[in-house]
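>>> Build the 3D model from these lines:
(chains A and B)
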Amino acid sequence: MTSTSEDDVLVRVENLVKYFPVRTPGFVRRTVGQVQAVDGISLTIPRGKTLGLVGETGSGKSTLARCVAGLIPATSGRVTFDGEDITNLSRRRMAPFRRQIQMIFQDPYGSLNPRRRVGAIIGDPFVVHKTATRGERKRKVQELMERVGLNPEHYNRFPTEFSGGQRQRIGVARALALRPKLIICDEPVSALDVSIQAQVLNLLADLQQDYGLSYLFIAHDLEVVRHVSDTVSVMYLGRIAEAGPKEPVYDTHRHPYTAALLSAAPAADPEAAAARQRIILVGDVPSPIDPPSGCRFHPRCPKAQELCAQTEPQLEVKAGDAPTHVTACHFPVEAGENLATAASRR
Amino acid sequence: MTLLEVENLAVSFQTGDGVVRAVRGVSFALEAGRTLGIVGESGSGKTVLTQTLLGLTPGGNVSGKAMFDGADLLQLSQSQLRHIRGAQISVIFQDPLTSLHPLYRVGWQIAEVVRAHDRTISKKQGSERAVELLGRVGIPRPEQRVNDYPHQFSGGMRQRAMIAMALALSPKLIIADEPTTALDATVQAQIIDLLLKLQQESGTALIMITHDLGVVADIADDVMVMYAGRAAEKGAKHDIFYQPHHPYTKGLLESIPNSSAGLNRLRPIPGQPPSLINLPSGCKFHPRCSYVMDRCVTEEPALRHIGHDAVHSSACWLPEAAIGTGAEAEEIRDQTVQEGRMGAAIEVAQAIATSPDVASTEALK
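Residues are numbered from 1 along each chain as shown, chains lettered A, B, ... in the order given. Below you'll find the predicted structure:
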């Protein structure tokens, strides 16, 4: 799916699968099923660029991120980082890669230990990876604090003394400490107020420019993803529905799910909201324990036909699309096609 | 017909750290059948405001007036309020899982609302009513799902059940407090669509509390923007979105990522929302406002009428002509600020200009 040369690619995920066993309660714990959280995903994250991952609850975006970060073992498939296979490495062999892959989490309240001082939290990576002496540590931490827009004099404060946006900056400083090549941002701004969101997004953009960072950016807010990403992958129930550079995915998308997702996102513009043809999907995302046959989206798809329930569509370039833009759909959306099913607007 | 008229409502709480001034004098009116969107960040007082109307803020020090259907909600006793809550005014909360009791069947909980207000209704009749309501909010096979427990419902279905409960007694007003925040985008669209449809059918008035300007753009007729316990600006939806006057409203609109603007950088509002215990002097927004003037530091502006529309008003010292996002308005703002920034405001403006959020934005311009 990608035309970029091997040198430009930082992370390559090939056919990644992650199943979680479903067990009966009690002593025997028989395995009675599999949660197919991630089911055969391939993608690439280019150097210094941002891959945006969009999808609803249960689409497997966070599981995918955790597999890439090596926090949980993959069931099958391959993750290559900087040309080296890092799939299911032992703790010791993974250690040097952990330095280069860092994470920023969604909840700035839950991801910082309330009983430790900010200086100690941000300084932890130096301790764990033994990359700075005790003397250097304070200076380095204060440099980081300054870099992310925190007052270095607040070195000895506790997380509770900071607001949500400032806490997220602490999380960013911690992720930045070891100068990683990749930062995985799992919903980094969705817990923040609108006016603060923009502060953190700008900070992430600055850091990317200054340090040449790559981001794997997970969010459910489509406008945020559009703003930060270079390429976008749309996930549905553990599979990729559509992927490519952000312009075609947003502007000339081919998968009905992408169309529905984009039409559902509220725009802060009353005239655009009134003019928009909304596609209201029926029902909820099905359970990943027992995903639908064929195309996993078919029970909710406004274009579904018999074929969709029988055969799973493969990710492929559709007629007229750029070679980097792939869609997994038997009956892709044509330009000008109207799928709207919403109630008439006022 | 005016259904709800709130006048100068103020709520404060005594805490160990000091007095939290959650709502500081808010007035608004809501016509029957219309939708008011209340927008604000966390801590702006939007939830306390509406919960106070229903007597759900025990321990709060409440003053002001809230006339609903001829009665002042703030003067009613708890037992009188009990007849209004659910029957006349109902609420849909943000988190449908914690608002439903996990040990009772969904249908039982809906029937309970009906039976609590009319003891003559039998359990069987209540259950039939629950089936009908679940059908109305779009739950498939309601006769069977009525016997499910909340955990057997998905997030979107739970929120539908909450809406069914809110509709049960055909109230005149529904207060929806962030009803879609916990939901996925496609499910959020379903719920908004449902609310719009039900409102068209029943003519219920709706107060929609949200931090999401997109939801407001979709559903509201009028909008009130709250900041630090007060209305910063209110008006018809189109005026708020296309002719904003208050710098906070303008800042909120500009800080949303917007593909059509095609900007590489977002324009955040610098700084953090203030602490409600230790509020800044003068206009509460002045420490974050790029148009700060001397007057803003010392005097808090009152809400005053702005523009051509009768209901559009803004609490800002900038002249009335500084309305909208056009170049002309910007020029008026710049000129006013130049004349009005002689003393105290210079220092504040300096602090804003050198804050990390603004400094990097300006540098790249």
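>>> where does chain A dip in pLDDT?
For chain A, residues meeting the criterion pLDDT under 70 lie at A:1-6, A:341-346.
>>> Pretty sure B:Thr170 sits against B:Glu201.
Heads up, residue B:170 is Ser, not Thr. No. Between B:Ser170 and B:Glu201 there is no contact under CB atoms under 8 Å: 10.5 Å. (Each C-beta comes from the backbone N, C-alpha and C, glycine too.)
>>> Quick check: nearest residue in space to B:Met226, chain neighbours excluded?
Distances taken as CB to CB, 6 or more residues apart in numbering or on different chains place B:Gly40 nearest to B:Met226, at 3.6 Å, with adjacent residues excluded.
>>> Overlap in contacts, B:Ser170 and B:Glu201.
Jointly contacting B:Ser170 and B:Glu201 under the rule CB atoms under 8 Å, 6 or more residues apart in numbering or on different chains is no residue at all.
>>> And for B:Pro58, the neighbour number?
Residues near B:Pro58, counting by other CB atoms under 10 Å in any protein chain shown, number 7.
>>> helix, strand or coil for it?
coil (DSSP: H, G, I helix; E, B strand; the rest coil).
>>> For B:Val11, see how far away it is.
11 Å (CB to CB, to the nearest Å).
>>> Ramachandran angles for the residue nearest to B:Met226?
With angles defined as degrees, to the nearest 10, B:Gly40 sits at phi 180, psi 160.
>>> Could I get the full set of strands for the stretch 1-150 of chain A?
A:9-23, A:31-46, A:50-54, A:76-81, A:84-85, A:101-104 (DSSP state E, counting those that start in this stretch).
>>> The longest one - contacts with which helices or strands?
Applying 3 or more CB pairs under 8 Å, 6 or more residues apart in numbering or on different chains; DSSP states H and E, we find strand A:31-46 packed against strand A:9-23, strand A:50-54, helix A:61-68, strand A:214-218, strand A:231-236, strand A:239-245.
>>> wait, what's in contact with the residue in chain B that chain A sits nearest to?
Proximity to chain A, evaluated over chain B using CB to the nearest CB, is greatest for B:Gly214 at 2.8 Å. Counting by CB under 8 Å, 6+ apart, B:Gly214 makes contact with A:265-268, A:273.
>>> State the helix or strand in which it lies.
Assessed by DSSP states H and E, B:Gly214 sits inside helix B:213-219.
>>> Which parts of chain B are strands?
Remark: strands assigned in chain B by DSSP state E are B:2-15, B:18-31, B:35-39, B:60-68, B:71-72, B:89-92, B:173-177, B:205-210, B:222-227, B:230-236, B:304-305, B:313-314.
>>> Quick check: neighbours of the fifth one in the sheet, parallel or antiparallel?
When you say that, I think you mean strand B:71-72. Using DSSP bridges, strand B:71-72 pairs in its sheet with strand B:60-68 (antiparallel).
>>> cool, the first one as well?
For strand B:2-15, the paired strands and their directions (DSSP bridges) are strand B:18-31 (antiparallel), strand B:60-68 (antiparallel).
>>> ok, back up a step: who wins on neighbours among the contacts of B:Gly214?
A:Pro266 (25 neighbours).
>>> need the contact list for B:Gln159.
For B:Gln159, the contacting residues are B:92, B:96, B:179-180, B:182-183, B:187, B:191, by CB under 8 Å, 6+ apart.
>>> A:Asn88 is in contact with A:Ala74, isn't it?
Yes. A:Asn88 is within contact range of A:Ala74, at 6.2 Å (criterion: CB under 8 Å).
>>> Comparing those two, which shows the higher neighbour count?
A:Ala74 (22 against 17).
>>> okay but the residue nearest to B:Met226 is in contact with B:Tyr227, surely?
Yes. Between B:Gly40 and B:Tyr227 there is a contact at 6.4 Å, judged by CB under 8 Å.
>>> What residues does B:Val20 make contact with?
Contact partners of B:Val20, counting by CB under 8 Å, 6+ apart, are B:12-14, B:276-277.
>>> And these, which is closest to B:Ile110?
Nearest to B:Ile110 among the contacts of B:Val20: B:Phe13, at 32.8 Å, using CB to CB.
>>> ok, that closest one - how many residues close by?
Neighbour count for B:Phe13, taken as other CB under 10 Å: 16.
>>> again, but for A:Glu56
21.
>>> sorry, back to before: and of the contacts of B:Gly214, the nearest to B:Ile323?
Comparing the contacts of B:Gly214 against B:Ile323 with CB to CB places A:Ala268 closest, at 18.5 Å.
>>> Spatially nearest residue to the closest residue to chain B within the stretch 1-150 of chain A (excluding sequence neighbours)?
Proximity of the stretch 1-150 of chain A to chain B (CB to the nearest CB) peaks at A:Gly149, 3.3 Å away. Spatial nearest neighbour of A:Gly149, chain neighbours left out: B:Pro356 (3.3 Å); criterion: CB to CB, 6+ apart.
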